[in-house]
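A.B. asks: Here's my sequence, what's the structure:
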Amino acid sequence: MSGHTDIRAEGWVARLPGAWRPYVLLMRLDRPIGVWLLVLPAFWAFALAAPRVSEGVRLALLFGVGAVLMRGAGCVVNDLFDRDIDKLVERTRERPLASGAVSVRQALVFLVILLVVSFGILVQLNWAAIWLGVCSLVPVALYPLAKRVTSWPQAMLGLTFGWGAPMGYAAAVGGVDGVAALLYAAVILWILGYDTIYAHQDREDDAMVGIGSTALRFGERTRPFLAVCYGLVIVLLAAVGWFAGLSVWYFFALCVPGLMLASQVVRLNIHDPARCLALFKSNRDVGLAVALALIVGRL
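C.D. replies: This next block holds a predicted model:
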């Protein structure tokens, strides 16, 4: 995997003032796939439960901006914890904290700014969503530690990145219920699957530095593990539609993301980092297809 790095200060990033670039890279703004994957569970919740189209659009805009900021904050927290490990991993050694382009003190100040602005967006929501938003800081803080104590950090990422599902549901209807729990469970398994694919990019380096991942745990058995995860995602999403009283068209539309997930299982090659990255990124379209199915089911 020589030359495989996730830092590419090119394109629009290269045209920014030099002092801005390390912070843009620290937030991963050059790679919007993370924002998409963070906000899509909330979009599922709005598609399922928003009382009016106008309210769904308003919440989508607020959560979209919030996802950019909180994904950035999560990246800062992750890189603060991992800066010594990142120096040893080829894909991450050029990250701003690992390379020294941003100091620990600068990163902490930047983190506070991101959290303060994020809180300004959070208070635009109802109380149930606000409390869930505050509680989300717990898994955000715990996630970087998970890889040091378990071989299932991707499950912890599922709890963290999937938080938008119950929080978005609460923002739409004022609370959570069994349908919200089913939706959250589906999101967790979806993230567990796609982040296992992503983790195969770092499999050898992770083993060398002694951190855990489901990519290392399952290795050559990743394809059946992925099939189970993704199969349960579709089962749980079908249960969401059933208990939410969606129309039969939802179940037909759900076949589209189901086939897209099945394609990932078939096309997976754990020894090809570029293929793993491409399959990981394809989950943006999977998430949009699920949101569209939920909208269709309410027509």
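
A.B. asks: All the strands of the stretch 151-299 of the chain, in order from the start?
C.D. replies: Taking DSSP state E, counting those that start in this stretch as the criterion, the stretch 151-299 of the chain contains no strands.

A.B. asks: mind listing the helices for it?
C.D. replies: 153-161, 164-173, 178-199, 203-209, 214-218, 222-244, 248-253, 255-267, 273-281, 283-298 (DSSP state H, counting those that start in this stretch).

A.B. asks: Please identify the deepest-packed of those.
C.D. replies: helix 164-173 (a mean of 26; mean count of other CB atoms under 10 Å). No exception for glycine: its C-beta is placed from N, CA and C like everyone else's.

A.B. asks: next one: it to chain centre, how far?
C.D. replies: Averaged C-alpha coordinates place helix 164-173 at 16 Å from its chain's average position (CA atoms, centre = their mean, to the nearest Å).

A.B. asks: Alpha carbons only: can I get that helix in CSV?
C.D. replies: Taking Å, rounded to 0.1, in the frame of the first residue of the first chain, the C-alpha atoms of helix 164-173 are listed here in CSV:
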residue,chain,number,x,y,z
GLY,A,164,-28.5,11.3,14.0
ALA,A,165,-31.3,8.7,13.6
PRO,A,166,-32.9,9.0,17.1
MET,A,167,-31.9,12.6,17.4
GLY,A,168,-33.5,13.4,14.0
TYR,A,169,-36.6,11.5,14.9
ALA,A,170,-36.9,13.4,18.2
ALA,A,171,-36.4,16.7,16.3
ALA,A,172,-39.3,15.7,14.0
VAL,A,173,-41.8,14.4,16.5
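
A.B. asks: Now do that helix against helix 178-199, angle only.
C.D. replies: Angle between the axes of helix 164-173 and helix 178-199 is 150 degrees (criterion: axes from the mean of the first three to the mean of the last three CA atoms, to 10 degrees).

A.B. asks: Show residues contacting helix 164-173.
C.D. replies: 38-46, 48-51, 55-56, 59, 63, 67, 125-126, 128-129, 132-133, 136, 176, 179-181, 183-184, 186-187 (CB atoms under 8 Å, 6 or more residues apart in numbering).

A.B. asks: Can you select the buried ones among those for me in ChimeraX?
C.D. replies: Buried members of these, defined by 16 or more other CB atoms under 10 Å, are picked up in ChimeraX with:
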select :38,39,40,41,42,43,44,45,46,48,49,50,56,59,63,67,125,128,129,132,133,136,176,179,180,183,184,186,187
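
A.B. asks: Residue 118 and residue 144, how far apart?
C.D. replies: 18 Å (CB to CB, to the nearest Å).

A.B. asks: for residue 165, same thing?
C.D. replies: For residue 165 relative to residue 144 (CB to CB), the value is 22 Å.

A.B. asks: and what of residue 40?
C.D. replies: Taking CB to CB, one finds residue 40 at 22 Å from residue 144.

A.B. asks: Run a quick neighbour tally on the closest residue to residue 92 other than its chain neighbours.
C.D. replies: Of all residues not flanking residue 92 in the chain, residue 86 sits nearest, at 3.9 Å (CB to CB, 6 or more residues apart in numbering). If you count neighbours by other CB atoms under 10 Å, residue 86 ends up with 21.

A.B. asks: what sits against residue 86?
C.D. replies: 79, 92-93, 95, 97-98 are the contacts of residue 86 under CB under 8 Å, 6+ apart.

A.B. asks: dump the residue contacts of residue 236.
C.D. replies: Counting by CB under 8 Å, 6+ apart, residue 236 has contacts 182-183, 185-186, 189.

A.B. asks: again, only this time at 6 Å
C.D. replies: Contacts here follow CB atoms under 6 Å, 6 or more residues apart in numbering; on that basis residue 236 touches 182, 185-186.

A.B. asks: Check residue 174 too.
C.D. replies: Per CB under 6 Å, 6+ apart, neighbours of residue 174: 126, 128.

A.B. asks: same thing with residue 258?
C.D. replies: residue 234.

A.B. asks: which intervals of the stretch 1-150 of the chain have sub-threshold pLDDT?
C.D. replies: 1-10 (pLDDT under 70).

A.B. asks: can you pull out the strands in it?
C.D. replies: Going by DSSP E, counting those that start in this stretch, the stretch 1-150 of the chain shows no strands.

A.B. asks: distance between stretch 159-178 and the chain's centre?
C.D. replies: Distance, centroid of stretch 159-178 to centroid of chain: 15 Å (CA atoms, centre = their mean).

A.B. asks: can you give me the helices in the stretch 1-150 of the chain?
C.D. replies: With DSSP H, counting those that start in this stretch as the criterion, the stretch 1-150 of the chain has helices spanning 21-26, 33-49, 53-86, 96-99, 104-122, 127-135, 137-149.

A.B. asks: All set, thanks.
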